[in-house]
Structure formats: C-alpha cells, structure tokens
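Novice: curious how this folds, go ahead:
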Amino acid sequence: MVRSSEQGANDHTVDLTSRAHLLRYVQNVVNGDDIVPTVSEARDTLSELVNRAAFGKERIALSRHGKPVAAIVSAEDLELLERLEDAADLRQIAAALSDAENAGQTISWDAVR
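Specialist: As a prediction, this is how the structure comes out:
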C-alpha cells in the first residue's frame, strides 16, 4: 500500500491514503483544529502517539464517529488528574462531614454491603 503523508498542525505525519482521511485533514487545517485521530487510526500509530504524549507533552484526543471518546496523555498528566480528583473528593467529604444535616447520621459497614 502506498502511504502518502503531510506534516500536520503539530508536526506529525498524517495518513492521507484515503479520501476520508484527506477530507478530514483539510477540514481540520482550514478550521485551525488539531488533527484528532480515530481509534482505528491510533492502532496503526500507537507507539508514535504514546511518544508524542510522553516526550512531547501532547494531549491526544481519540475520536469515534467524529466525537472524542478517549485520550492519550503523559503519565505526568495522569498523576496530576488523579491528584486533582483526590483533592476534589476530600473537599466533598469534608463538606459532607461538616454539614449539620449529616451530624450523627452514620451507616454501618454491614448495612452498606
């Protein structure tokens, strides 16, 4: 198979072998959007996408039927996201514990199971 490619908006190679890929690429360039690979396209270039996320600090959205469904991010970004979620959870727990309506209301572990 002949593989034609152009440099994308983020200096990465874009597969232009099919009409659909070419049309989406042109629409994204015209609109100034980053190229969002589909999940199927990501399979073919997974190691490149992982390297871009890990070493280039890019956040790469993957799409299915034109909608974002997942992302490839660096381990650093994932750790940051998890810390932010943990902090938000702790704030919600503190707010619930300090709420007067919840005072003295407990549920035993056996009742929860």
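Novice: C-alpha only now, for contacts and for neighbours.
Specialist: Noted.
Novice: for stretch 48-68, buried residues please.
Specialist: 49-50, 52-54, 58-63 (16 or more other Cα atoms under 10 Å).
Novice: list just the nearest of those residues to Leu90.
Specialist: The closest of these to Leu90 turns out to be Arg59 (Cα to Cα; 26.6 Å).
Novice: shouldn't the closest one be in contact with Glu76?
Specialist: No - applying Cα atoms under 8 Å, one finds Arg59 not in contact with Glu76, separated by 11.1 Å.
Novice: going by length in residues, pull out the top helix of the protein.
Specialist: Longest helix in the chain by number of residues (criterion: DSSP state H): helix 75-98.
Novice: go through that one and flag the buried ones.
Specialist: Applying 16+ other Cα under 10 Å to helix 75-98 flags Asp77 as buried.
Novice: let me see the mean pLDDT of it.
Specialist: Summarised as a single mean, pLDDT over helix 75-98 is 90.
Novice: what's the following helix or strand after that helix?
Specialist: helix 109-112 (DSSP states H and E).
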